[in-house]
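Participant: Got a sequence here, can you build the structure:
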Amino acid sequence: MSKQKKNSVKSQGGDPFTRWLVIGMVTLVVVVGAVFSLTSENKAKDAAFTALDSFQSIGAVPASVDPAAGDGIVFNPGLPTKIDIFEDFQCPVCKLFEEPIGGYLTSLITEKKAQVTYHPLSFLGNGTKDDESIAASNAAYCAVDEDRFLDYHKALMDVQSQVENSGFLNSENLITIGKKIGINSSTFADCVNNKSKLVNVVAATESMTRYGVRGTPTALINGKVWERQSPGFDLNEFKAAVEAAAK
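Facilitator: Got it, this is the predicted structure:
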């Protein structure tokens, strides 16, 4: 009886060597998976930053944050032709808008042909303390203090992740993006880390209702929503609408 009981206990406990071997193999798989995930993430991050290696800076272009415009970032205030751009830096369609039209908007600003107001929003964020839409828009407002909003705006679009809320737009990477284009000040880094412009992001996002904006990107030309006729964003179509509004 005692021998049978002993065998029963041994059967239930299993072979200690086999048990530890299995535990070791499972641990190895977990560690290898974590390393692979981290390596893949680092490669994706490096590839994104590589997009800024040939970045051509516009240089310092002053702007102001206007509370009357829902804390919009205003260039050339007071000019008769007025364009408002509402966007989220995680929004893939905003990047599709930026690629053909962003350069034209910049020329309107630098040639002082229109008042252009950017409204960086938190529209696609996940609502957590690490909300990437908030973090990116906050950093864009920080760049206003450096007179480098236009450069930083373009850089954020250039490195945009293909996946929303991927974790890429964290404070460390947002500061690195700034350094890549020549924003090296400690005040910028502190502003990004402390989310010092959160109140501006909130005001811009809340102003969507007042402007009748329901999604991103949205462009207003003299207060009227630009309704594109083409399937994509056609530069000539947008220019025609701006020029018609300027007459």
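Participant: any weak-confidence spans in the protein?
Facilitator: Where the chain drops to pLDDT under 70, the residues are 1-47.
Participant: Can you classify the most centrally placed residue in the chain by secondary structure?
Facilitator: For the chain, the residue nearest the mean C-alpha position is F89 (3.3 Å; Cα atoms, centre = their mean). Secondary structure state of F89, per DSSP: H, G, I helix; E, B strand; the rest coil, is coil.
Participant: Could you look up the SS state of E243?
Facilitator: Under three-state DSSP, E243 comes out as helix.
Participant: Pull out the buried positions in stretch 142-158.
Facilitator: Residues of stretch 142-158 classed as buried by neighbour count (16 or more other Cβ atoms under 10 Å): 142-146, 148-158. C-betas here are computed from N, CA, C, even on glycine.
Participant: Would you agree K95 is in contact with L156?
Facilitator: No - look at K95 against L156 with Cβ atoms under 8 Å: they stay out of range, at 9.3 Å.
Participant: Check which residues of stretch 201-218 are buried.
Facilitator: Neighbour counts over stretch 201-218 (16+ other Cβ under 10 Å) mark 201, 203-205, 207-208, 211, 213, 216-218 as buried.
Participant: would you list these in TSV and tack on distance to F188?
Facilitator: Formatted as TSV, those follow (distance: Cβ to Cβ, whole Å):
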residue	distance to F188
V201	16
A203	21
A204	19
T205	22
S207	25
M208	27
Y211	28
V213	28
T216	25
P217	25
T218	28
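Participant: Just these: which are in helices?
Facilitator: Among those, DSSP state H puts 201, 203-205, 207-208, 211 in helices.
Participant: gap between the nearest residue to the residue nearest to the centre of the chain once chain neighbours are set aside and N193?
Facilitator: In this structure, F89 finds its nearest non-sequential neighbour in A136, 3.9 Å apart by Cβ to Cβ, 6 or more residues apart in numbering. The spacing between A136 and N193, counted by Cβ to Cβ, to the nearest Å, is 14 Å.
Participant: same thing with D84?
Facilitator: With Cβ to Cβ as the criterion, D84 and N193 are 29 Å apart.
Participant: Comparing those two, which residue is more hemmed in?
Facilitator: Per other Cβ atoms under 10 Å, whichever of D84 and N193 has more neighbours is D84, with 24 against 15.
Participant: Can you pull the phi/psi pair for T187?
Facilitator: Dihedral pair for T187: phi -70, psi -40, per degrees, to the nearest 10.
Participant: can you pull the contacts of the nearest residue to it once chain neighbours are set aside?
Facilitator: Leaving aside its chain neighbours, T187 sits nearest to D145 (6.9 Å; criterion: Cβ to Cβ, 6+ apart). Neighbour list for D145: 187-188, 191 [criterion: Cβ atoms under 8 Å, 6 or more residues apart in numbering].
Participant: okay, the residues you listed in CSV with neighbour count and distance to P62 next?
Facilitator: Converted to CSV, these look like this (neighbours: other Cβ atoms under 10 Å; distance: Cβ to Cβ, whole Å):
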residue, neighbour count, distance to P62
T187, 12, 16
F188, 21, 16
C191, 22, 17
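Participant: quick check, nearest of the ones in helices among the buried residues of stretch 201-218 to I177?
Facilitator: When these are ranked by distance to I177 (Cβ to Cβ), V201 comes first, at 17.0 Å.
Participant: Nearest residue to that closest one in space, ignoring adjacent ones along the chain?
Facilitator: V201's closest residue in space is S137 (Cβ to Cβ, 6+ apart), at 4.5 Å.
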